[in-house]
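Peer 1: next comes the sequence, and after it the predicted model I'd like to discuss.
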Amino acid sequence: MSSKKIAAGQLFPAIEVTTTGGELITLGVPQSGADWQMVVVYRGRHCPLCTRYLNEIEKLKQEFFKLGVDIVAVSADSRAQVAAHLPELNVSYPIAFGLSVEQMQQLGLYISHPRSAQETDHPFAEPGLYVVNEQGQIQVLDLSNGPFARPELGILLSGLAFIRNPDNNYPIRGTYD
């Protein structure tokens with residue numbers, strides 16, 4: 001089975017999703033006065049590592065925002081699954097739901113089938129993280145085929161501070177053809 005991976009430097013695909021607040025948003029389009037956006041794709045309610053990761057992001061949310069980076073998280077879960085998950089999520093950034101298999105493929109994500117009905121009832125995305133710059137390009141990305149490998153948030157934050165510092169003139173990396 002092959003999958004097309006998304007590339008650093010390319011334009012982030014225009015994907016519309018609905019947030020738990022009922023707002024229709026386009027992933028990769030910054031909100032709240034930020035000029036960059038971090039899009040975090042998580043596996044869903046069934047994943048305790050995702051719950052922990054999303055809650056860890058909240059602890060650094062203000063630091064990301066100081067760099068001009070806002071945050072949105074999204075999964076393939078249904079509205080009902082996300083609503084049931086919200087009490088475990090202590091986050092103030094938008095959580096979106098309903099990512100389709102086609103949208104997951106557009107994002108170059110690894111996609112898994114549930115191991116059982118107790119896990120979930122639909123194919124779901126493995127973790128993905130994208131930082132989209134003011135031109136709509138993918139500045140930084142991390143894709144995983146399982147819940148155990150994700151960027152360490154403190155290192156990501158310090159890296160983005162370095163990238164965003166105009167004195168460093170840091171280009172998008174990984175674009176060699």
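Peer 2: Yes, it's here.

Peer 1: find the centremost residue of this structure, please.
Peer 2: In the chain, the residue lying closest to the centroid (Cα atoms, centre = their mean) is V40, at 1.4 Å.

Peer 1: ramachandran coordinates for that one?
Peer 2: Phi and psi for V40, reported as degrees, to the nearest 10, are phi -110, psi 120.

Peer 1: now do L24
Peer 2: According to degrees, to the nearest 10, L24 has phi -90, psi 120.

Peer 1: that one and L129, how far apart?
Peer 2: 22 Å (Cβ to Cβ, to the nearest Å). Just so you know, the C-beta spots here come from the backbone N, C-alpha and C atoms, and that holds for glycine as well.

Peer 1: quick one, helices of the protein?
Peer 2: 48-66, 79-85, 101-106, 153-164 (DSSP state H).

Peer 1: just put these in a markdown table and tack on mean pLDDT.
Peer 2: Converted to a markdown table, these look like this (pLDDT from 0 to 100):
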| stretch | mean pLDDT |
| --- | --- |
| helix 48-66 | 97 |
| helix 79-85 | 96 |
| helix 101-106 | 96 |
| helix 153-164 | 98 |
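
Peer 1: which one's more surrounded, L24 and L129?
Peer 2: Taking other Cβ atoms under 10 Å, L24 and L129 do not tie; L129 has more neighbours (21 against 9).

Peer 1: please list all residues in contact with the more buried one.
Peer 2: L129 is in contact with M38, V39, V40, V41, V140, L141, D142, R150, P151, L156, counting by Cβ atoms under 8 Å, 6 or more residues apart in numbering.

Peer 1: just to revisit the earlier point, gap between the residue nearest to the centre of the chain and V101?
Peer 2: Counting by Cβ to Cβ, the gap from V40 to V101 is 19 Å.

Peer 1: many thanks, I have nothing further to ask.
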